[in-house]
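In: pasting the sequence and the predicted coordinates here, then a few questions.
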Amino acid sequence: MAAHTKTPAPQPTLEGWQEAYDATPERDVSFTTLSGEPIRPLYTEADLPPADAIGLPGQYPFTRGVYPSMYRGRLFTMRQFAGFGTAEETNERFRYLLDHGQTGLSTAFDMPSLMGHDSDHPLSLGEVGREGVAVDTVDDMQTLFQGIDLGDVTVSMTINAPAAIMLAYYVVAAERAGVPADKLGGTIQADILKEYIAQKEWCFPIDPAMRLLGDMVEWSTEQMPRWNSVSISGYHIREAGATAAQELAFTLKDGLTYVEQAVERGLDVDDFAPRLSFFFNAQIDFFEEIAKYRAARRIWARELKETFGAKNPKSWLMRFHTQTAGVSLTAQQPLNNIVRTAIEALAGVLGGTQSLHTNSYDEALALPTEEAVRIALRTQQIIAHETGVTNTIDPLGGSYFVEALTDKMEAQAYEYFAKIDELGGMVQAVKQNYPQREIADASYELQGEIDHERRIIVGVNRYTEGDDAQTPILRIDPALERKQVASLQGVRARRDAAAVEATLTELKRVAAGGGNLMPPLIDAARAFTSEGEIVHALQEVWGDYRETPVF
């Protein structure tokens, strides 16, 4: 009996696929990323970059992740953003989250605190405790973390223009709880350039604000070895309407500007760069977001190593926190937001994030209820423990499409870098409203696509029938504002007024001359000087800021 000989299978050819594809009608839609980048129908091995551009996890250029073991060694930190009402209410929410498996605290401040106003300032009326927790003095900071071991838990604080003031409060509050500054772990956002670009919460003109940031970075480098002194934030840039490429480029350029400033102050890049961290958005365009994170790691590693000469490999690591996109949440059919958040969170995990916040489904309507927060946290836990995506490192590495998109994102970022450098750097570009105009244009274009149904938002401009029943929302009791104002006035009544005045006088002296502002800020915190009083004193020296409209 003759041996069976297997006939070789015909080898697939791109020409054969193209012929078959051309004979098949396409759907009548625009195949682009959320940023408008055209997507080809097929990606192949020819789209892969050189092997050294992809690399291995934990090795330069870190395209595949900053640590060799990634989530096989340690899961991403589940750090839910929380803050509302007074410090007492937020302390209860913090305890609730820790009891339900959260592994890090992330603090949201109310609008007056973000803008440097005390709770009894006329502009604070109706806003106290509405979008976050009200913190007026170190007394509030102590209450905020009452009963929580600050030497054990890491804390993130999302505040920028008055970040140095809040850091001073935090250091003094921890000191009074028996935890010295060098034992504190966590992050303060403090990304002031992002405020002028996107979030619009400022207290001072750009140049003195940059000086204040530099003072904080320098002081914390020396005094707080476990503390990340800046969390360079693309999140708010994206929420303002930026494309993924704009978020990537403007965020990285902000970070590189802070590095440049610190080096100009005489700091060794390897003394502070390992404690710089980043904060990115996770939008709904799944693969584009993953490519954005991969490109970000590669660019940062290259720039720190080659441009700034960092020798410590830890300086090359881009470690980042991710939050799902608030702007993607819809008030219509809000339960759909659970699905959106899960997909965005998965993109963050597959992109290699170090910590993650998942938005609650009701946040397009109000501050989240406890039920909504629990679902958001359970979303992270399901991704971590049930899906299997954390079992292997960078499971999308080598994907033709993902690697090609990563290269494209990287190239677009460098195109923006070149434009910004032509304008004299990021500070000058911000003063000339360049990134602000780019974001405004991108936002306008995207909204036009939605309005004309060229981009579908489920439940908003398509599939609008369905359950829009009343969603229970968290309502802030107006009495909390009166309670906070009374608390602030009580602190003022019992503190040493002469000591407060002395700290403000010294603060203004240092602000007008030279020296680091953190020591007088810490002295002011110890004297129970309020945030608004400190900001007002610095404005007497530096003045205020008024934005030039870009429209």
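Out: Cool, the structure landed.
In: next one: stretch 367-381 to chain centre, how far?
Out: 19 Å (Cα atoms, centre = their mean, to the nearest Å).
In: make residue 1 into 331 and carry on from there
Out: All right, first residue 331 from here; so that's stretch 697-711.
In: those strands in the stretch 481-630 of the chain, which residues are they?
Out: 485-488, 516-518, 557-558, 560-563, 606-612 (DSSP state E, counting those that start in this stretch).
In: equivalent analysis for the chain, please.
Out: Under the criterion DSSP state E, the chain carries strands at the ranges 407-408, 411-412, 435-438, 485-488, 516-518, 557-558, 560-563, 606-612, 650-654, 685-687.
In: sheet partners, orientation included, of the second one?
Out: It stands for strand 411-412. Note on strand 411-412: by DSSP bridges, its sheet partners are strand 435-438 (parallel).
In: likewise for the longest one?
Out: Strand 606-612 has the following strand partners under DSSP bridges: strand 560-563 (parallel), strand 650-654 (parallel).
In: out of those strands, flag the one nearest Ile369.
Out: With respect to Ile369, and counting by Cβ to Cβ, the nearest of the strands paired with strand 606-612 is strand 650-654 at 22.4 Å. No exception for glycine: its C-beta is placed from N, CA and C like everyone else's.
In: quick revisit: next, format the strands paired with strand 606-612 as JSON lines and append mean neighbour count.
Out: Formatted as JSON lines, these follow (neighbours: other Cβ atoms under 10 Å):
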{"stretch": "strand 560-563", "mean neighbour count": "28"}
{"stretch": "strand 650-654", "mean neighbour count": "28"}
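In: of all the ones you listed, which one comes closest to Gly388?
Out: strand 650-654 (15.5 Å).
In: alpha carbons only: can I get that closest one in PDB?
Out: Once non-C-alpha atoms are left out, strand 650-654 reads as follows in PDB (Å, rounded to 0.1, in the frame of the first residue of the first chain):
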ATOM      1  CA  PHE A 650       1.300  55.900  35.200                       C
ATOM      2  CA  HIS A 651      -2.200  55.900  36.700                       C
ATOM      3  CA  THR A 652      -5.200  55.600  34.500                       C
ATOM      4  CA  GLN A 653      -8.800  56.800  34.900                       C
ATOM      5  CA  THR A 654     -11.600  55.800  32.600                       C
END
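In: so how far is Thr671 from Ser658?
Out: In this view, Ser658 and Thr671 are 8 Å apart by Cβ to Cβ, to the nearest Å.
In: between these two, which is the more surrounded one?
Out: Thr671 (28 against 21; other Cβ atoms under 10 Å).
In: show me the contacts for the nearest residue to the more buried one once chain neighbours are set aside.
Out: The shortest distance from Thr671 to any non-neighbouring residue, by Cβ to Cβ, 6 or more residues apart in numbering, is to Thr654 (4.8 Å). Neighbour list for Thr654: Asn611, Ala612, Arg670, Thr671, Glu674, Ala675, Gly678, His687, Thr688, Asn689 [criterion: Cβ atoms under 8 Å, 6 or more residues apart in numbering].
In: give me the helix or strand of the chain that scores worst on average pLDDT.
Out: Averaged element by element with mean pLDDT, DSSP states H and E, the chain has its least confident helix or strand at strand 411-412 (a mean of 76).
In: for that one, what is the distance to the chain centroid?
Out: Distance, centroid of strand 411-412 to centroid of chain: 13 Å (Cα atoms, centre = their mean).
In: just to revisit the earlier point, turn the strands of the stretch 481-630 of the chain into TSV, columns for mean pLDDT and distance to Asp377.
Out: Converted to TSV, the strands of the stretch 481-630 of the chain look like this (pLDDT from 0 to 100; distance: least, Cβ to Cβ, whole Å):
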stretch	mean pLDDT	distance to Asp377
strand 485-488	91	37
strand 516-518	92	36
strand 557-558	92	36
strand 560-563	94	30
strand 606-612	95	24
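In: still on that earlier bit, whichever of the contacts of Thr654 end up buried, select them in PyMOL.
Out: Burial among the contacts of Thr654 is assessed by 16 or more other Cβ atoms under 10 Å; the matching PyMOL selection reads:
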select buried, resi 611+612+670+671+674+675+678+687+688+689
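In: in helices only, show me the contacts of Thr654.
Out: Judged by DSSP state H, the subset of the contacts of Thr654 located in helices is Arg670, Thr671, Glu674, Ala675, Gly678.
In: those helices in the stretch 381-530 of the chain, which residues are they?
Out: 381-384, 417-429, 441-445, 468-474, 493-506, 522-524 (DSSP state H, counting those that start in this stretch).
In: re the thing from before, now render the strands paired with strand 606-612 as JSON lines, adding distance to Leu543.
Out: Shown next, in JSON lines, are those (distance: least, Cβ to Cβ, whole Å):
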{"stretch": "strand 560-563", "distance to Leu543": "7"}
{"stretch": "strand 650-654", "distance to Leu543": "19"}
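In: test my guess that Asp601 contacts Thr551.
Out: Yes. At 5.7 Å, Asp601 and Thr551 qualify as touching, with contact defined as Cβ atoms under 8 Å.
In: was I right about Ala539 contacting Ala493?
Out: No. Look at Ala539 against Ala493 with Cβ under 8 Å: they stay out of range, at 10.0 Å.
In: which residues do these two both contact?
Out: Both Ala539 and Ala493 are contacted by Ile522, under the criterion Cβ under 8 Å, 6+ apart.
In: who are the contact partners of Glu871?
Out: Residue 871: Val, not Glu. Residues near Val871 by Cβ under 8 Å, 6+ apart: Pro538, Lys838, Ala841, Ala842.
In: out of these, which is most surrounded?
Out: Ranking these using other Cβ under 10 Å puts Ala841 first, with 22 neighbours.
In: nearest residue to Ser550 in space, please, no chain neighbours.
Out: Leaving aside its chain neighbours, Ser550 sits nearest to Ser559 (4.1 Å; criterion: Cβ to Cβ, 6+ apart).
In: list the contacts of the one you found.
Out: Ile518, Ala520, Met546, Val547, Ser550, Thr551, Phe602, Arg605, Leu606.
In: before we move on, what about Thr407?
Out: Thr433, Gly434, Thr484, Gln684, Ser685, Leu686.
In: can you list those residues in CSV and add distance to Glu525, pLDDT and neighbour count?
Out: Converted to CSV, the contacts of Thr407 look like this (distance: Cβ to Cβ, whole Å; pLDDT from 0 to 100; neighbours: other Cβ atoms under 10 Å):
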residue, distance to Glu525, pLDDT, neighbour count
Thr433, 28, 72, 16
Gly434, 24, 76, 22
Thr484, 24, 89, 19
Gln684, 23, 94, 21
Ser685, 22, 91, 24
Leu686, 24, 94, 25
